[in-house]
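J.: Dropping the sequence and predicted coords here.
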Amino acid sequence: MRRLLLVPLAWVLAGCPVDFQGWGGMKQQPKALPYRESTFFEDERVMRQPPAGTVPRNRRGQDRFFLTGKDAPDGGYVESIPLTLTREWVESGGKSFDIYCATCHGVLGDGVAQVARNMGLREPPSLVDLPEYPDGYYYDVITRGYGLMPAYAEKLTPEQRWAVVAYVRALQESQRAGLEDVPPEARPRLLKEGTP
Ligand code: HEC
């Protein structure tokens, strides 16, 4: 009986060194690591791309205009902001603008900023005298970046990006406005301060 037990025990002990040292055992096994190449997939990437047009689950129900600023995958830009604007929204857009845009485009959006002066390759343009672009164009520039300008899709939610567009519109209006656009009761104050 004792001899019978010894046989499997000897077999296991003899097998161990072969399994765990010779083959590297469980330390070395085929697995996919992020950012490595893959021989399994055709595009040789381990990390898979979501299928084109995938919408994150938390964005279900929000339409394409709202998320892309365009009304078809390669269609035109949305003409006007697809949100009901409130004063709070525009002001929150102003906060994001001051944080993310003013460094380059200036607090008034007029391109007057220290960074702008030092960006030798391409100075950030004034945003208050651009050609007549639809609102979706601004949204798209913020979302995907433009030339040397970085994209802000990671930093600002779609709602916040539209709010920035609204604030840029407010800045444009404010620079174009004349005295007649100001309520009569506020005009004397402006005249006294020497601004039109
Ligand atoms: C790092 C500096 C920088 C920041 C920050 C920045 N921009 Fe720009 N922006 C630029 C530059 C530079 C260009 C011109 C890019 C080019 O022509 O290559 C530009 C271009 C643009 C244009 C396009 C103008 C056109 O001619 O069509 C818009 C609109 C714009 N920016 C809006 C914004 C808004 C809104 C923000 C904030 C969310 C922002 N930018 C943040 C540097 C910046």
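T.: Perfect, I can see it now.

J.: Which phi and psi values does Met149 adopt?
T.: Dihedral pair for Met149: phi -80, psi 130, per degrees, to the nearest 10.

J.: That one and Pro124: what is the separation?
T.: 7 Å (Cβ to Cβ, to the nearest Å). Where you see a C-beta, it was placed from the backbone N, CA and C, and this is true even at glycine.

J.: need the contact list for Pro124.
T.: Cys104, His105, Gly111, Ala113, Val115, Ala116, Met149 (Cβ atoms under 8 Å, 6 or more residues apart in numbering).

J.: any idea which of those residues has the most stuff around it?
T.: In terms of neighbours by other Cβ atoms under 10 Å, the contacts of Pro124 top out with His105 at 24 neighbours.

J.: just checking, it touches Ala113?
T.: Yes - judged on Cβ atoms under 8 Å, His105 makes contact with Ala113 at a distance of 6.6 Å.

J.: in the protein, which segments are predicted with low confidence?
T.: Within the chain, the stretches with pLDDT under 70 are 1-25, 58-62, 72-74, 193-196.

J.: Quick check, the residue in it closest to the ligand?
T.: Gly147 (2.0 Å; Cβ to the nearest ligand atom).

J.: The closest residue to that residue other than its chain neighbours: what secondary structure?
T.: In space, and not counting its chain neighbours, Gly147 is closest to Arg122: 6.5 Å by Cβ to Cβ, 6 or more residues apart in numbering. When classified by DSSP: H, G, I helix; E, B strand; the rest coil, Arg122 comes out as coil.

J.: Tell me how many other residues surround Arg122.
T.: For Arg122, using other Cβ under 10 Å, the count is 10.

J.: what does Gly106 give?
T.: The tally of other residues near Gly106 (other Cβ under 10 Å) stands at 20.

J.: and after the helix or strand harbouring Asp140, which helix or strand comes next?
T.: Asp140 belongs to helix 135-144 when assigned by DSSP states H and E. Going down the chain from helix 135-144, the next helix or strand is helix 158-176, by DSSP H and E.

J.: could you give the angle of that next one to helix 135-144?
T.: Here the directions of helix 158-176 and helix 135-144 differ by 120 degrees (axes from the mean of the first three to the mean of the last three Cα atoms, to 10 degrees).

J.: Please see if helix 158-176 touches the ligand.
T.: Yes - with Cβ under 6 Å from any ligand atom as the measure, helix 158-176 is seen reaching the ligand through Val164, Val168.

J.: Mind listing what's buried along that helix?
T.: Across helix 158-176, burial judged by 16 or more other Cβ atoms under 10 Å covers 158, 160-172.

J.: With stretch 93-107 instead?
T.: Of all the residues in stretch 93-107, those buried under the rule 16+ other Cβ under 10 Å are Gly93, Gly94, Ser96, Phe97, Tyr100, Cys101, Ala102, Cys104, His105, Gly106.

J.: Noted, bye for now.
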